[in-house]
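Asks: Predicted model and sequence below, questions to follow.
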Amino acid sequence: MTLTSSRLPYRQTAAFSRIILDYLDRAESLKDFYAHPVSLQGIIKASEARQLFPTDRQTLVNMLEQQYKGVGMSDRTKKNIDALKSNTSFTVTTAHQNNIFTGPLYFIYKILHAVKLAEQLTELIPGKTYVPVYYIGSEDADLEELNHIWLGGEKLQWDTKQTGAVGRMKIDKALVALIARMEGQLSVLPHGKEIISLLKEHYTIGTTIQQATFTFVNALLGELGIIVLLPDNADLKRSMIPVFKDDLLHQTASGIVNKTAEKLESAGYKVQANPRDINLFYLKENIRERIVSDNSKFKIQNSKFSFSDSEMEDELNNNPERFSPNVILRGIYQETILPNVAFIGGGGETAYWLQLKGLFEHYKVPFPVLVLRNSFLILEKKWQERIAKLGFTVEDFFLTEPELLNRLVARESRNPTQLNGAVKELEDLYAAFKAKAGAVDSTLANHVDALKTRSVERIVELEKKMLRAEKRKFQDQSRQIHTTKEALFPRNGLQERVENISFYYALWGKGIIDALYENSLALEQEFVILKEN
């Protein structure tokens, strides 16, 4: 199996927000919201700023070595962890929640992008080493977002009564049963048994979701040198005590981020994330609930826990692992514990990071280069053949179904579906009527205008009816367009936001990982179409 690639400008996909497209184009309206451009020079500047920041590298390395104890580690990953001890080494980081079985395809794309960019930077920037990191967002409590995958058009959902941070939840019989359902679909494919065996090995009853995600990603991609980081850790969070304390007592972050949000809105952009007064959750046992201030007391929503100011400070100092940053503070945490220079995120992530620069400046933490993650459309040979038979290119299929059908009808139909020139002739005719009627009585001119408007509307409606009638002659092609569009853009969105890597691994084995890695871009920022030869 070999795959070849072509590229498409992001604007041509019609799948990305205005703020992201403007960011990629380096629009003047967004220049105040990021520190460095997406370029080699931007990375070099970010590296210089990062080198002056006192990262606790020893604690980071100690934690990683402890995390990987008893887990098979590739030589490249071990080398990358060792490299972090030096102040001339830096990280390229991507982050994502621990979706079961890795969730949508872009989970994998983000990690491979980090690997490719880190390798390229190490080659191009002398005297510096760059290592890729996948930061597991294991403290996320949005189970509805993380508890399912789509496979063959079917939603496989883990139903559990567990609560709190999803990463701390335990794998049970219900989750393991989903692997059995996947096996039924995938085992008939050439490498289906291989991917099912990997899932069974790492998603075992009693293991936490974050641990299973860690070991599964390590098994799938570890040989490329990726470092998987579990940030739900007391030693790492200890470095955030001053920031967490400031947020609890003074609500500094919300004021700063709200001001940035106002500036973004004034520039015409939609705000992605809204800060709370306190941007921390409390993590204990099976809860992850917001901390709120209420009459000089701190209360943990939907729980029995409450603290006075001094009790809360003691709790933070003694148990920092019980404090979980929300989307506003998570980036500061990540960039404090890692010597990071580039953050690879999706469109939504990049948009909310553009709200955070002022917060980083306040806490004097270097702001990374924001790199939009790679996007792919994977095309099996059968879909390429279908598209060619319909007389379209793959790029055409980024259009909507109605647009595709209209193009096909206009190209294939032997009957005209537009009354070319009729409207212009009608307007000329009514202009003559208006001149004659106006000469008789000036008040009749408005009446002629009203008659013209009704006539033109009827002609336009006739054209629409002619097009609909002609489309009915192309029902077979219409069904083929629909089937192809649904396969390549499931749920009316990008393939990468729905499909799971397990299907493509079952089809092509490790070759799909190799192909995605080989065709991953670094700083180019374009959409990649990947075709089976």
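Replies: Arrived safely. Source: prediction; values computed, not measured.
Asks: Contacts only, for residue 533.
Replies: 1-4, 381 (Cβ atoms under 8 Å, 6 or more residues apart in numbering). Where you see a C-beta, it was placed from the backbone N, CA and C, and this is true even at glycine.
Asks: mind listing which of the residues you listed are in helices?
Replies: In helices, defined here by DSSP state H, the members of the contacts of residue 533 are residue 381.
Asks: Let me know the closest of the contacts of residue 533 to residue 262.
Replies: residue 3 (45.7 Å; Cβ to Cβ).
Asks: can you give me phi and psi for the residue lying closest to that closest one once chain neighbours are set aside?
Replies: Nearest residue to residue 3, sequence neighbours excluded (Cβ to Cβ, 6 or more residues apart in numbering): residue 515, at 4.2 Å. Main-chain dihedrals, residue 515, degrees, to the nearest 10: phi -70, psi -40.
Asks: Could you pull up the residues touching residue 515?
Replies: 1-3, 508, 530.
Asks: that older thread, please tell me which one of the contacts of residue 533 counts the most neighbours.
Replies: residue 3 (21 neighbours; other Cβ atoms under 10 Å).
Asks: Is it correct that it is in contact with residue 530?
Replies: Yes - the criterion here is Cβ atoms under 8 Å, and residue 3 meets it with residue 530 at 5.0 Å.
Asks: Contact partners for residue 105?
Replies: 376, 378, 495-501, 504.
Asks: and the gap between it and residue 156?
Replies: Distance from residue 105 to residue 156, counting by Cβ to Cβ, to the nearest Å: 15 Å.
Asks: how about the closest residue to residue 6 other than its chain neighbours, secondary structure?
Replies: Leaving aside its sequence neighbours, residue 6 sits nearest to residue 529 (Cβ to Cβ, 6+ apart; 4.9 Å). Secondary structure for residue 529, judged by DSSP: H, G, I helix; E, B strand; the rest coil, is strand.
Asks: which residues are in contact with both of residue 3 and residue 530?
Replies: Counting by Cβ under 8 Å, 6+ apart, the residues touching both residue 3 and residue 530 are 378, 515, 519.
Asks: ok, the last one touching residue 5?
Replies: Yes - with contact defined as Cβ under 8 Å, residue 519 and residue 5 form a contacting pair (4.3 Å).
Asks: The stretch 351-500 of the chain: helices as residue ranges?
Replies: Counting by DSSP state H, counting those that start in this stretch, the stretch 351-500 of the chain has helices at residues 357-363, 381-389, 401-412, 422-440, 444-471, 475-488.
Asks: Make TSV out of the ones you listed and add distance to residue 309 and mean pLDDT.
Replies: Converted to TSV, the helices of the stretch 351-500 of the chain look like this (distance: least, Cβ to Cβ, whole Å; pLDDT from 0 to 100):
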stretch	distance to residue 309	mean pLDDT
helix 357-363	22	98
helix 381-389	61	96
helix 401-412	59	88
helix 422-440	74	74
helix 444-471	68	71
helix 475-488	56	92
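Asks: and those, which is most packed in?
Replies: helix 357-363 (a mean of 18; mean count of other Cβ atoms under 10 Å).
Asks: May I ask which helix or strand of the protein has the lowest mean pLDDT?
Replies: Within the chain, no helix or strand scores below helix 444-471, which has a mean of 71 by mean pLDDT, DSSP states H and E.
Asks: So the spatially closest residue to residue 347 that is not a sequence neighbour: helix, strand or coil?
Replies: In this structure, residue 347 finds its nearest non-sequential neighbour in residue 20, 4.6 Å apart by Cβ to Cβ, 6+ apart. Residue 20 falls in the helix class when you classify it by three-state DSSP.
Asks: Quote the end-to-end distance of stretch 77-92.
Replies: Length of stretch 77-92, first residue to last, Cα to Cα, to the nearest Å: 14 Å.
Asks: Stretch 410-430 now?
Replies: First-to-last residue span, stretch 410-430, Cα to Cα: 30 Å.
Asks: and which of the contacts of residue 533 is nearest residue 164?
Replies: residue 3 (40.7 Å).
Asks: Show the contacting residues for residue 32.
Replies: 263, 357.
Asks: Check for me that it belongs to a helix.
Replies: Yes - applying three-state DSSP, one finds residue 32 inside a helix.
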